[in-house]
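[1] need a structure here:
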Amino acid sequence: MRYIAGDTTVTCPCCKHFLFDKDYRQLNSRGATFFGLDWANKEATILICQRCSYILWFMDEPKSH
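    Numbering: from 1, shown residues only. Model (predicted):
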């Protein structure tokens, strides 16, 4: 799928491809992990290039295009 971040179409910085798979990853912090509160950490959206598998990270979720 194609995505837009802000007003820009997302392209892979490595291979210039424009199709990605979307997933989510938790951003762990030492403090929350120490107290067993990993569930309270923020989550980032990742886009994985379908051609070369490069991963791009976003705090604001990109919109599908």
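
[2] partners of residue 56 in the sheet?
    residue 47 (DSSP bridges).

[3] settle this for me: it is touching residue 47, isn't it.
    Yes: with contact defined as CB atoms under 8 Å, residue 56 reaches residue 47; the gap is 4.7 Å. Where C-beta positions appear, they are placed from N, C-alpha and C, glycine not excepted.

[4] of those two, who's got more company?
    residue 47 (22 against 17; other CB atoms under 10 Å).

[5] the more buried one contacts residue 10, doesn't it?
    Yes: contact status for residue 47 versus residue 10: in contact at 6.2 Å, counting by CB under 8 Å.

[6] where does the prediction get shaky in the chain?
    Low-confidence segments of the chain (pLDDT under 70): 28-41.

[7] what about residue 3, neighbour count?
    21.

[8] got the residue ranges for the helices in the protein?
    30-34 (DSSP state H).

[9] closest to the centroid, which residue in it?
    residue 46 (1.6 Å; CA atoms, centre = their mean).

[10] ok, that residue to residue 2 distance?
    Distance from residue 46 to residue 2, counting by CB to CB, to the nearest Å: 16 Å.

[11] just residue 11 next, same as before
    For residue 11, the distance to residue 2 - CB to CB - is 9 Å.

[12] which one's more surrounded, the two?
    With neighbours defined as other CB under 10 Å, residue 11 and residue 2 compare such that residue 11 has more, 16 against 13.

[13] spatially nearest residue to the more buried one (excluding sequence neighbours)?
    Leaving aside its sequence neighbours, residue 11 sits nearest to residue 18 (CB to CB, 6 or more residues apart in numbering; 5.1 Å).

[14] hmm, back to that, what is in contact with residue 11 and residue 2 at once?
    residue 18 (CB atoms under 8 Å, 6 or more residues apart in numbering).

[15] if we can go back for a sec, which neighbours do residue 47 and residue 10 have in common?
    With CB under 8 Å, 6+ apart as the test, residue 47 and residue 10 both reach 3, 20, 56, 62.
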